[in-house]
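Novice: here is my input; please provide its structure:
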Amino acid sequence: MNRERIGRRTILAGAGAWILRPLQARAATPTPARPRVALTTPKGVIVIELAMDKAPMTAGNFLRYVEAKKYDGGSIYRAVRDGGKGMGTIQGGASPKARPFRPIEHESTTKTGIKHRAGTISMGRLEPGSATSDFFICASAQPYLDANPKAKGDNLGYAAFGQVVEGMSVVKAILAGRTDGKAIVPAMKGQMLNPPVPIVSAKRMA
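Specialist: Predicted coordinates for the structure are as follows:
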């Protein structure tokens, strides 16, 4: 695993680990395994289909934050451009006023089979088992974010849990924004959106 590139996507996360029970019982019918969430921003709406069937803990965690309205008032605050035009990831999180739930167990891409392709949504983390509310969306394929059992060190990758089904143009518009904001850590210099893009609301779709 390319530690330098992975480090560019590192976020501050809480300590500890807690297994969040899947929320399949509350999933939308007639497709309970694939509920959808609409992230509304001033740039437009991003519709995400959650893979509850493949990544129940991670998708369930995201849906729990949505249903608790903890993403309302949050923001997409980071754009990591990687390669040519339209390539990279955007990163967002819950409202700073929202109290996070406990971290969840890491669901590796080797377990879920969900790869980091264009439109994939995944959880930000430090060590495995530290993810809470921060997420990122791939504007282009990012295979080095997948787990790599042959690599040394932390080779578990990131926990992908869904796919953008509408609004990739919004993702790319956000990726193209100014990134001269104040960095949280030195590794994020030149990646912080200025201004961040507000998450007006995050709602489960009927």
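
Novice: and the nearest residue to Ser108 once chain neighbours are set aside, what pLDDT?
Specialist: Leaving aside its sequence neighbours, Ser108 sits nearest to Ala147 (Cβ to Cβ, 6 or more residues apart in numbering; 4.5 Å). Where you see a C-beta, it was placed from the backbone N, CA and C, and this is true even at glycine. At Ala147, the pLDDT value in this model is 96.

Novice: looking at the chain, which helix or strand is least sure?
Specialist: helix 3-7 (a mean of 38; mean pLDDT, DSSP states H and E).

Novice: mind listing what the residue nearest the centre of the chain touches?
Specialist: Of all residues in the chain, the one closest to the mean position by Cα atoms, centre = their mean is Phe135, 2.1 Å from it. By Cβ atoms under 8 Å, 6 or more residues apart in numbering, the residues touching Phe135 are Phe62, Gln91, Gly92, Gly93, Ile121, Ser122, Met123, Gly124.

Novice: swap the cut-off to 10 Å and go again
Specialist: 11, 39, 48, 58, 61-62, 65, 71, 74, 76, 89-94, 121-124, 158-159, 161-162 (Cβ atoms under 10 Å, 6 or more residues apart in numbering).

Novice: the longest helix along the chain: which residues count as buried?
Specialist: Counting residues, the longest helix found in the chain (DSSP state H) is helix 56-67. Of all the residues in helix 56-67, those buried under the rule 16 or more other Cβ atoms under 10 Å are Pro56, Met57, Thr58, Ala59, Gly60, Asn61, Phe62, Leu63, Arg64, Tyr65, Val66.

Novice: can you put these in CSV and add distance to Phe101 and pLDDT?
Specialist: Below are those laid out as CSV (distance: Cβ to Cβ, whole Å; pLDDT from 0 to 100):
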residue, distance to Phe101, pLDDT
Pro56, 15, 96
Met57, 12, 96
Thr58, 13, 98
Ala59, 14, 98
Gly60, 11, 97
Asn61, 7, 98
Phe62, 11, 98
Leu63, 11, 97
Arg64, 6, 97
Tyr65, 7, 98
Val66, 12, 98
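
Novice: could you export those as JSON lines, including distance to Ala183?
Specialist: Listed next are those as JSON lines, based on distance: Cβ to Cβ, whole Å:
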{"residue": "Pro56", "distance to Ala183": "34"}
{"residue": "Met57", "distance to Ala183": "31"}
{"residue": "Thr58", "distance to Ala183": "27"}
{"residue": "Ala59", "distance to Ala183": "30"}
{"residue": "Gly60", "distance to Ala183": "32"}
{"residue": "Asn61", "distance to Ala183": "27"}
{"residue": "Phe62", "distance to Ala183": "25"}
{"residue": "Leu63", "distance to Ala183": "30"}
{"residue": "Arg64", "distance to Ala183": "29"}
{"residue": "Tyr65", "distance to Ala183": "25"}
{"residue": "Val66", "distance to Ala183": "28"}
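
Novice: done for today, thanks.
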